[in-house]
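A.B. asks: Using only what follows, build the 3D model:
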Amino acid sequence: MNAGELPAAIRPTRLIVDRQAIESNAAIILRHVTPGTRLMAVVKANAYGHGAVASARAAIAGGASYLGVATVGEAVQLRDCGIDTPILVLGSSAPAEAYRAAQLGICLGVGDTDQLARLQDVLRAHPPEAAVGVHLKIDTGMRRFGILPNRAVDVARTIDIDPYLRLQGIYSHLAEADEENPARMNAQIELFRQAHATISEAGVDPGIAHISNSAALLRTRSSDFGMVRAGICLYGISPSRHVALFRGMKPALEWRATVQHLISMEPGDRTGYGGTYVASDNERLALIPIGYADGYPRQLSNIGWMGFDGQRLQVRGRISMDQCTIAIPGQIDLKVGDDVTVLGGAGNGAPSANELGDVLGTIGYEIVSRISPRVPVEYV
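C.D. replies: Now for the predicted structure:
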């Protein structure tokens with residue numbers, strides 16, 4: 001550092017993302033699926049909070065040969081960082097984005113006739129240099145985005161004969177694959193199988209067929225088809241309590257924060273906005289420099305916990321925008337400058353993403369994907 005030059009700002013909190021865990025999880029998935037089945041690594045929403053670019057590269061190193069995102073913008077970010085692996089925009093996109101997609105070799109999901117017609121109008125008005133790759137979304141039961149199975153052949157044929165479009169795949173999405181009873185999952189898989197067969201029999205090459213999400217790929221080989229899509233499980237988080245990860249898969253993310261201040265509480269003292277926690281005895285609290293603007297949910301006020309030395313340290317009072325406080329049990333020697341674990345980290349007393357999801361009546365997906373970009377990330 002030159003004289004007079006200030007060091008870069010470093011926040012006293014960070015995510016530690018283990019790229020090797022993501023790579024290993026991808027490789028484990030490929031060892032379990034039907035031989036020849038491709039793996040799509042779903043890296044939408046900043047790779048569920050883990051960092052899209054680094055996670056994509058780790059998954060590719062583990063054998064993933066396709067990437068899934070939610071928006072064209074997410075795909076462009078990957079291309080701008082030099083990632084040339086095939087990418088599919090899984091959700092609906094604006095037809096005007098087709099030119100950028102064509103330039104960068106990004107495939108678009110098409111799931112309704114209006115979207116397709118608008119896409120065709122745009123491309124006819126200003127033909128792209130290269131055809132736009134398309135995966136046709138078939139709605140087998142989600143009732144969200146997708147063509148109903150009885151329309152799939154006609155729409156697939158329309159795409160197939162269009163000079164500016166190239167049908168590269170068909171896909172669907174399972175609505176209840178993470179539920180205890182697999183009956184509705186199996187029914188959707190069968191509907192997709194029938195649609196795939198009907199399109200093929202009509203003389204249209206459906207390309208890569210894929211319906212399996214994390215829960216399905218962990219549960220059954222009947223949904224493998226040509227490719228499986230690994231989302232939450234790629235990051236070592238189980239889709240639900242009913243679905244176990246494959247042996248050897250592990251979480252890739254740990255969130256740590258550094259104690260900034262110690263507070264002595266006497267009986268009757270209150271802490272935080274609204275004074276929702278009242279000390280019943282002499283207590284010690286630690287100030288932790290994260291809050292709901294960092295993605296630590298305000299709903300965890302007075303019910304959440306963090307980990308230190310294998311112990312649970314309960315959240316005390318309301319979580320504010322930038323900070324919160326936790327209790328220091330009498331037997332714990334916690335000092336300013338010590339790190340506590342906010343999330344993850346085996347055996348240190350901290351909650352997993354799914355545990356926090358259960359406490360809040362939500363899912364681990366939401367816990368990790370809502371971590372704010374202002375939390376620095378350290379990749380190991």
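
A.B. asks: so Q20 sits in a strand?
C.D. replies: No - with DSSP: H, G, I helix; E, B strand; the rest coil as the criterion, Q20 is located in helix rather than a strand.

A.B. asks: Just the strands from the stretch 201-350 of the chain, written as ranges.
C.D. replies: According to DSSP state E, counting those that start in this stretch, the stretch 201-350 of the chain carries its strands in the segments 208-212, 227-230, 253-258, 261-265, 270-271, 277-278, 283-288, 305-308, 311-316, 324-327, 339-343.

A.B. asks: How is this protein partitioned into domains?
C.D. replies: In the domain annotation for the chain, the residue ranges read 19-235, 253-379 (automatic domain parsing).

A.B. asks: Go through the ones you listed and pick out the most buried.
C.D. replies: Among the domains of the chain, ranked by average contacts under mean count of other Cβ atoms under 10 Å, first place goes to domain 19-235 (a mean of 20). For every residue, glycine as well, the C-beta is placed using N, CA and C.

A.B. asks: rewinding a little: wait, which of the strands of the stretch 201-350 of the chain is closest to K44?
C.D. replies: Go through the strands of the stretch 201-350 of the chain one by one with Cβ to Cβ and the one that ends up closest to K44 is strand 227-230, at 10.5 Å.

A.B. asks: and the closest one, C-alpha only, in CSV?
C.D. replies: Coordinates of the C-alpha atoms in strand 227-230 are reproduced here as CSV (Å, rounded to 0.1, in the frame of the first residue of the first chain):
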residue,chain,number,x,y,z
MET,A,227,-31.3,-33.7,-18.5
VAL,A,228,-32.0,-32.9,-14.8
ARG,A,229,-32.1,-29.5,-13.3
ALA,A,230,-30.2,-29.1,-10.0
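
A.B. asks: Where do the helices of the stretch 1-150 of the chain begin and end?
C.D. replies: Counting by DSSP state H, counting those that start in this stretch, the stretch 1-150 of the chain forms helices over residues 19-32, 44-48, 52-61, 72-80, 98-104, 113-125, given from the N-terminal end onward.

A.B. asks: Using JSON lines, lay out those together with mean pLDDT and distance to I319.
C.D. replies: Rendered in JSON lines, the data for the helices of the stretch 1-150 of the chain read as follows (pLDDT from 0 to 100; distance: least, Cβ to Cβ, whole Å):
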{"stretch": "helix 19-32", "mean pLDDT": "98", "distance to I319": "28"}
{"stretch": "helix 44-48", "mean pLDDT": "96", "distance to I319": "22"}
{"stretch": "helix 52-61", "mean pLDDT": "98", "distance to I319": "27"}
{"stretch": "helix 72-80", "mean pLDDT": "97", "distance to I319": "29"}
{"stretch": "helix 98-104", "mean pLDDT": "91", "distance to I319": "39"}
{"stretch": "helix 113-125", "mean pLDDT": "93", "distance to I319": "41"}
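
A.B. asks: before we move on, back to that, so which of the domains of the chain comes closest to V243?
C.D. replies: Distances from V243 to each of the domains of the chain were compared using Cβ to Cβ; the minimum, 4.8 Å, belongs to domain 19-235.

A.B. asks: Ends of the closest one, what's the gap?
C.D. replies: Separation of the first and last residues of domain 19-235 by Cα to Cα, to the nearest Å is 9 Å.

A.B. asks: ends of stretch 336-350, how far apart?
C.D. replies: Using Cα to Cα, the end-to-end distance of stretch 336-350 comes to 19 Å.

A.B. asks: So which residues make contact with it?
C.D. replies: The contact list for stretch 336-350, computed with Cβ atoms under 8 Å, 6 or more residues apart in numbering, reads 13, 251, 253-262, 286, 288, 290, 296, 305-313, 326, 334, 351-353, 356, 367-368.

A.B. asks: For G203, find the nearest of the helices of the stretch 1-150 of the chain.
C.D. replies: Distance to G203, taken as Cβ to Cβ, is lowest for helix 113-125 among the helices of the stretch 1-150 of the chain, at 19.5 Å.

A.B. asks: Show me what the closest one is packed against.
C.D. replies: Helix 113-125 sits against helix 98-104, strand 106-110, helix 152-161, strand 165-171, with contacts defined as 3 or more Cβ pairs under 8 Å, 6 or more residues apart in numbering; DSSP states H and E.

A.B. asks: if we can go back for a sec, how about the strands of the stretch 201-350 of the chain, which one is nearest T34?
C.D. replies: Once Cβ to Cβ is applied to the strands of the stretch 201-350 of the chain, the stretch that comes out nearest is strand 227-230, at 8.9 Å.

A.B. asks: Test my guess that T34 contacts D224.
C.D. replies: Yes - taking contact to mean Cβ atoms under 8 Å, the distance of 4.3 Å between T34 and D224 places them in contact.

A.B. asks: who are the neighbours in contact with the most centrally placed residue in the chain?
C.D. replies: Residue closest to the mean C-alpha point of the chain, counted by Cα atoms, centre = their mean, is Y48 at 2.7 Å. With contacts taken as Cβ under 8 Å, 6+ apart, Y48 has the following neighbours: 231-232, 235, 237, 365, 368-369.

A.B. asks: where's it relative to Q168, distance?
C.D. replies: 25 Å (Cβ to Cβ, to the nearest Å).

A.B. asks: What residues does the nearest residue to I29 once chain neighbours are set aside make contact with?
C.D. replies: Taking Cβ to Cβ, 6 or more residues apart in numbering, and ignoring the residues beside it in sequence, I29 has A230 as its nearest neighbour in space, at 5.5 Å. With Cβ under 8 Å, 6+ apart as the criterion, the residues that contact A230 are 25-26, 29, 39-42, 59, 64, 214, 217.

A.B. asks: Thanks a lot, see you next time.
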